[in-house]
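Asks: Below are the sequence and a predicted model; questions follow.
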Amino acid sequence: MTMRKLKLQFAHIPEGFAPANSDPTNYCDEEFRNFSIANLEQVDCIILGRKTAVDFIPYWADVAENPNDPDVLLGKKLTDIPKVVFSKTLEKTEWANTVLAKGELVDEINKLKNQTGNDIMVYGGDSFVASLVKNDLIDEYYLAVNPVDIDNGLPILKELDSKQNITLVKSKTFDCGMVVLLQYEPKTN
């Protein structure tokens, strides 16, 4: 049995800072939106930290219900895919199609990876993502780099105490002219 991959799609700016907005499509165009939808084709589980889930899940549920929103298809996908929210403080889930993971991060992720199914996607949440990166749990990195989007974001790589052993597998520029997508995977020795 092949383990499921954990994929990270993250809007990223130089110096390891992320945009403070929870909307991953707010900085580009239809081309990036289509990439985001396609990147979910082989995904049947989304994981989020509690802090991100509070805004992310209701935001995309609202988008999915608005047929005039240009992100309606992405919103429907993000709403329909089952979610696992990692939290030490929540006692029950507040959202439909969502379960809580309350155990140790590495154990919970490895349980998910060993279940039968397609890939797993993680979005946003600088502290949560930093913990996943630090524990070498990410199998594919999709970093949308937008140097124009510098704001009062939060560092996502703050917990690293050594260089990540990853390699660039693919890069793509988008027609909007501002965003470059960098796909990384862990180096295999």
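Replies: In hand now; what should we look at? Bear in mind that the values here come from a model prediction, so they are computed numbers and not experimental data.
Asks: Spit out the contact partners of Met121.
Replies: Met121 sits next to 6-9, 39-40, 43, 45-47, 81 when contact means C-beta atoms under 8 Å, 6 or more residues apart in numbering. All C-beta spots, glycine's among them, are computed from the backbone N, C-alpha and C.
Asks: Out of the residues you listed, show me where the pLDDT dips lowest.
Replies: In this model, the minimum pLDDT among these belongs to Gln9 (89).
Asks: which residues touch the residue nearest to that one when sequence neighbours are not counted?
Replies: Computed as C-beta to C-beta, 6 or more residues apart in numbering, the closest residue to Gln9 that is not its neighbour in sequence is Tyr142, at 4.4 Å. By C-beta under 8 Å, 6+ apart, Tyr142 lies in contact with 7-10, 39, 181-183.
Asks: did I read that right, Tyr142 in a helix?
Replies: No. Tyr142 is assigned strand when assessed by DSSP: H, G, I helix; E, B strand; the rest coil, not a helix.
Asks: quick revisit: let me have the contacts of Tyr142 in JSON lines, extended by distance to Ile57.
Replies: Below are those laid out as JSON lines (distance: C-beta to C-beta, whole Å):
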{"residue": "Lys7", "distance to Ile57": "19"}
{"residue": "Leu8", "distance to Ile57": "18"}
{"residue": "Gln9", "distance to Ile57": "16"}
{"residue": "Phe10", "distance to Ile57": "17"}
{"residue": "Asn39", "distance to Ile57": "19"}
{"residue": "Leu181", "distance to Ile57": "24"}
{"residue": "Leu182", "distance to Ile57": "27"}
{"residue": "Gln183", "distance to Ile57": "26"}
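Asks: Ramachandran angles for the residue positioned nearest the centre of the chain?
Replies: With distances taken as C-alpha atoms, centre = their mean, Tyr123 lies nearest the centre of the chain, 1.9 Å away. Reported as degrees, to the nearest 10, the phi and psi values for Tyr123 are phi -120, psi 150.
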